[in-house]
Structures are given as C-alpha cells and as structure tokens.
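S.K.: heads up, no residue letters with this:
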C-alpha cells in the first residue's frame, strides 16, 4: 500500500503532472487501485511488485510533489492460509 501525503502541496499540480506524464511506473510495478481522501490531502494506492527498488524508482519521479510511505500488505485470505498450520 502506498500512502501519499500531499498536505501543503498544490494538489492541482499533482493532477496536472499525472495528466501530462501518466503514472511514470517502471516496468514490473503494477497499479491495482487508488483512493483519495475527501480533503484531497492523502492518496492510498494499492500497487504490486516483486522488487522494492521499483517502488523507489517510482517515488523518485514524484517525490517533489508529495511524501510517500510504502507499507507491505497481503491479502487477508492469503495471511489466514499462511497461519492455518499454527492455529
């Protein structure tokens, strides 16, 4: 899960940048879905990659427009299955 914080930044600039250049994702980084808060200060994006450096390369393209937190997450069903032998 990618958490982007646009607080104090020009939100219109973020959307302008996106419209003009797209997501600028390196090959192998997969966009799944995104949600933005009602006040447009934070965006949550579900993305997938086997290599963490793909996230680093992507963040480098956007870091002047926001702050990023990358939180590794897994599907609840997969986690449940992984823990089943221990329960």
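M.R.: Sure thing, it's come through. Owing to the predicted nature of the structure, the values given are computational and were not obtained by experimental measurement.
S.K.: So for the lowest-mean-pLDDT helix or strand in the chain, what gets flagged as buried?
M.R.: The weakest-scoring helix or strand in the chain, judged by mean pLDDT, DSSP states H and E, is helix 11-21 (a mean of 84). By neighbour count on 16 or more other Cβ atoms under 10 Å, the buried set for helix 11-21 is 11, 14, 17. In short, each C-beta sits where N, CA and C put it, glycine included.
S.K.: what would these look like in CSV with distance to residue 28?
M.R.: Converted to CSV, the buried residues of helix 11-21 look like this (distance: Cβ to Cβ, whole Å):
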residue, distance to residue 28
11, 29
14, 24
17, 22
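S.K.: ok, of the residues you listed, which one's closest to residue 4?
M.R.: Top of the list for closeness to residue 4, among these and by Cβ to Cβ, is residue 14 at 8.4 Å.
S.K.: ok now do the closest residue to the closest one other than its chain neighbours, which residues does it touch?
M.R.: With sequence-adjacent residues excluded and distances taken as Cβ to Cβ, 6 or more residues apart in numbering, residue 14 is closest to residue 65, at 5.1 Å. For residue 65, the contact set (Cβ atoms under 8 Å, 6 or more residues apart in numbering) comprises 6, 9, 13-14, 17.
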